[in-house]
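Visitor: Give me coordinates for this.
(chains A and B)
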There are 2 protein chains.
Amino acid sequence: MASLPDGDPVLSARSGRVRAARKLARRAPRAERGLFLAEGPQAVREALTVPGCVREVFAVPGRHDDLRDAAGETPWRFADDGALAALSDTVHPQGVVAVCAALDVPLAELLGTTPRLVAVCAEVRDPGNAGTVIRCADAAGAAGVVLTGDSVDVYNGKAVRASAGSLFHLPVVVERDPAATVASLRGAGLVVLAADGRGETDLDEAADEGLLDRRTAWLFGNEARGLPDDLAGLADHRIRVPIHGRAESLNLATAAAVCLYATARARR
Amino acid sequence: MASLPDGDPVLSARSGRVRAARKLARRAPRAERGLFLAEGPQAVREALTVPGCVREVFAVPGRHDDLRDAAGETPWRFADDGALAALSDTVHPQGVVAVCAALDVPLAELLGTTPRLVAVCAEVRDPGNAGTVIRCADAAGAAGVVLTGDSVDVYNGKAVRASAGSLFHLPVVVERDPAATVASLRGAGLVVLAADGRGETDLDEAADEGLLDRRTAWLFGNEARGLPDDLAGLADHRIRVPIHGRAESLNLATAAAVCLYATARARR
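Guide: Numbering: from 1, shown residues only, chains lettered A, B, ... in the order given. A predicted model of the protein is given here:
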């Protein structure tokens, strides 16, 4: 094993620690161990702000020394470029990866905070979209994000990356049953608004009518199929983003951004 | 060469026509020939609505017969799965690809229509972002989109796909010089608003102050670096999307969606 002048070992891709961490690239080992990987300085920095989240950090020697200071007592493992490439799912590994404890909380815990704005993704399949919605929800001041139905794993590397650190900023809930989720949200006093291209009210009308002024859960559907009718039918209102030109629709993340920001604006 | 029962030939990946079309996967041959590829039934359908745009269509026999009707006199070439795969940059080719004539128009032509809303991308590098901004601009009712600076090629396959047909709905301008572009937009009577995370006015304040009521060009920057200061400084106002939570920023496409929709709302 290679080592630095002060004797610290430098792990290769063949080391047991790196091989164990590498398994977290797949969903089943993540779920089983309750761990996931956060890659790159932005994600690692944000992860380190969450007490107890980061279990260990792998980093190329001489890079990201500011993060090593922030890591404090968290185990910091030097590893070579090959090891970092093995832990990365990007073309250009950024030299630092953290092994993090899963962060999702039960829905009841989120609802116990009396949230004013919640984003719910039902059947989101693309990890980039899931991460981008989390980032938008954070930016728009949402209190949390719920992934429900047969959604992508929020701890997928691409989802973590697309969240740009926001996964570490606000509570995320993973709740299998969409109908039960909607019932719980409404039971907690939230108005449930379905973002639905066939909705009877458009977003501007909803704002004008005061529908966006209350504590709200926005429900977003699958990127290809939108929300299933039975689920949209459980919402208090079905709201469409108005299409002023000839586009058939917006994509999931941009529609979510427009809806969440309309709510944020209605509240100011 | 294989052929159908009625004698129509079925082209393979080795045929001269397919090989010539395949070269359009690269930017230089696209620019030289003024042609690009549009893949999948949605893109081909929208392309066929633009008079003179589609030069030929390659399709797997027995699929997309509705499009063949829409194609009218446009040459329709049957091709096998291997040929379609060769013309596709996706994992799951959709059985139909059109060779299209470049659609971009000079900036003066767009400005001659007295546009009320224009989206300008400066140094957009990711083709998915470029296409998504075009889709959002279309949905928000923009009159056109300008790509300026060292931006990605709007005819990149991923950009065409991300636009979800909107590339065929509204005029697109490719104009190299960002400063000259801003000067022309202002000269045409448009208020130029720079979307800038460090802007002095937030988007809600801009709406409240009536800044969004006029004919507007929104200027969006690079996905990683935003707008360079010298370019943002040429705008009439620098507007930031308010960040209510702890996110550092929104990504390019979601920020553009929020800005363009804020303008659309201010006008209703």
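
Visitor: okay, how far is it across stretch A:110-126, tip to tip?
Guide: With CA to CA, to the nearest Å as the measure, stretch A:110-126 spans 24 Å from end to end.

Visitor: try stretch A:150-161
Guide: Span of stretch A:150-161 from end to end, CA to CA: 21 Å.

Visitor: for the record, mean pLDDT for that stretch?
Guide: Stretch A:150-161 shows an average pLDDT of 96 in the prediction.

Visitor: quick one: contacts of that stretch?
Guide: Stretch A:150-161 has contacts (CB atoms under 8 Å, 6 or more residues apart in numbering or on different chains) with A:25, A:27, A:30-31, A:36-40, A:43, A:89-90, A:102, A:104, A:121-131, A:134, A:147, A:167, A:172, A:174. The C-beta positions use only the backbone N, C-alpha and C, and glycine is treated the same way.

Visitor: Then stretch A:177-192?
Guide: Residues outside stretch A:177-192 that contact it (CB under 8 Å, 6+ apart): A:107-108, A:111, A:114-115, A:118, A:120, A:122-123, A:146, A:148-149, A:175, A:211, A:214-217, A:219, A:230-231, A:234-237.

Visitor: who does whichever strand or helix holds A:A21 touch, helix- and strand-wise?
Guide: Using DSSP states H and E, A:A21 falls within helix A:16-22. Judged by 3 or more CB pairs under 8 Å, 6 or more residues apart in numbering or on different chains; DSSP states H and E, helix A:16-22 is in contact with strand A:54-59, helix A:81-86.

Visitor: Please identify the most buried of these.
Guide: strand A:54-59 (a mean of 22; mean count of other CB atoms under 10 Å in any protein chain shown).

Visitor: Can you give the distance of it from its chain's centre?
Guide: 20 Å (CA atoms, centre = their mean, to the nearest Å).

Visitor: CA atoms of it as PDB?
Guide: Taking Å, rounded to 0.1, in the frame of the first residue of the first chain, the C-alpha atoms of strand A:54-59 are listed here in PDB:
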ATOM      1  CA  VAL A  54     -20.800  11.800   7.100                       C
ATOM      2  CA  ARG A  55     -19.300   8.400   8.100                       C
ATOM      3  CA  GLU A  56     -16.000   8.700   6.200                       C
ATOM      4  CA  VAL A  57     -14.500  10.800   3.400                       C
ATOM      5  CA  PHE A  58     -12.200   9.600   0.600                       C
ATOM      6  CA  ALA A  59     -10.000  12.300  -0.900                       C
END
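
Visitor: who does it pair up with?
Guide: Strand A:54-59 sits in its sheet next to strand A:76-78 (parallel), strand A:96-101 (antiparallel), going by DSSP bridges.

Visitor: Pull the residues that contact the last one.
Guide: What that stands for is strand A:96-101. Contacts for strand A:96-101 (CB under 8 Å, 6+ apart): A:21, A:24, A:34-41, A:43-44, A:47-48, A:52-60, A:63-64, A:67, A:84, A:87-88.

Visitor: buried ones in it?
Guide: Buried residues in strand A:96-101, counted by 16 or more other CB atoms under 10 Å in any protein chain shown: A:96-100.

Visitor: coming back round to it: next, format the strands paired with strand A:54-59 as CSV and append mean pLDDT.
Guide: CSV is the format used below for those (pLDDT from 0 to 100):
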stretch, mean pLDDT
strand A:76-78, 96
strand A:96-101, 98
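
Visitor: Break down the stretch 101-250 of chain A into its strands, ranges please.
Guide: Here the stretch 101-250 of chain A has its strands, by DSSP state E, counting those that start in this stretch, at A:117-122, A:144-148, A:172-175, A:191-195, A:201-202, A:216-220, A:237-240.

Visitor: Show me what the strand or helix carrying A:V44 packs onto, helices and strands only.
Guide: Element membership of A:V44, judged by DSSP H and E, is helix A:41-48. On a contact count with 3+ CB pairs under 8 Å, 6+ apart, helix A:41-48 meets strand A:35-39, strand A:54-59, helix A:65-71, strand A:96-101.

Visitor: let's see 6 Å
Guide: Helix A:41-48 is packed against helix A:65-71, strand A:96-101, with contacts defined by 3 or more CB pairs under 6 Å, 6 or more residues apart in numbering or on different chains; DSSP states H and E.

Visitor: Save those as TSV, and put in distance to B:R14 too.
Guide: Formatted as TSV, these follow (distance: least, CB to CB, whole Å):
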stretch	distance to B:R14
helix A:65-71	53
strand A:96-101	45
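
Visitor: quick one on the thing from earlier: buried among the contacts of strand A:96-101? Make that a PyMOL selection.
Guide: Only the buried entries of the contacts of strand A:96-101 go into this PyMOL selection, using 16+ other CB under 10 Å:
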select buried, chain A and resi 21+24+35+36+37+38+39+40+43+44+47+48+53+54+56+57+58+59+60+64+67+84+87+88
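
Visitor: The helix ranked longest in chain A near chain B at all?
Guide: Ranked by residue count and defined by DSSP state H, the top helix of chain A is helix A:252-267. Yes. Helix A:252-267 lies within reach of chain B by CB under 6 Å from any CB of the partner chain, at A:253-254, A:257-258, A:261, A:264-265.

Visitor: farthest pair in these?
Guide: A:A253 and A:R265 (18.4 Å; CB to CB).

Visitor: The two: which is more packed in?
Guide: Between A:A253 and A:R265, A:A253 has the larger neighbour count (other CB atoms under 10 Å in any protein chain shown), namely 27 against 20.

Visitor: So that one sits against A:N129, correct?
Guide: Yes. Applying CB atoms under 6 Å, one finds A:A253 in contact with A:N129, separated by 5.3 Å.

Visitor: give me the low-pLDDT residue ranges for chain A?
Guide: Counting by pLDDT under 70, chain A contains low-confidence ranges at A:1.

Visitor: That one against chain B: which residues are in contact?
Guide: So chain A meets chain B at A:135-136, A:138-141, A:166, A:169, A:204, A:243-247, A:250, A:253-254, A:257-258, A:261, A:264-265, A:268 (CB under 6 Å from any CB).

Visitor: Which parts of chain A belong to which domain?
Guide: A:2-101, A:107-267 (automatic domain parsing).

Visitor: For those domains, state which one has the densest average packing.
Guide: On a mean-neighbour basis (criterion: mean count of other CB under 10 Å), the most buried of those is domain A:107-267, at a mean of 21.

Visitor: so how far is the first residue of that domain from its last?
Guide: End-to-end distance for domain A:107-267, by CA to CA: 24 Å.

Visitor: Distance from the chain centre to it, please.
Guide: 12 Å.

Visitor: ok, now how distant is the closest residue to chain B within the stretch 151-268 of chain A from A:D202?
Guide: In the stretch 151-268 of chain A, the residue that lies nearest chain B is A:H244 (2.9 Å; CB to the nearest CB). Separation of A:H244 from A:D202 (CB to CB, to the nearest Å) stands at 10 Å.

Visitor: go on, A:R17?
Guide: Following CB to CB, the distance that separates A:R17 from A:D202 is 54 Å.

Visitor: again, but for A:A140
Guide: Distance, A:A140 to A:D202, by CB to CB: 19 Å.

Visitor: next one: A:D236
Guide: Plainly put, A:D236 is 16 Å away from A:D202 if you go by CB to CB.

Visitor: Please apply the same query to A:V172.
Guide: Distance from A:V172 to A:D202, by CB to CB: 29 Å.
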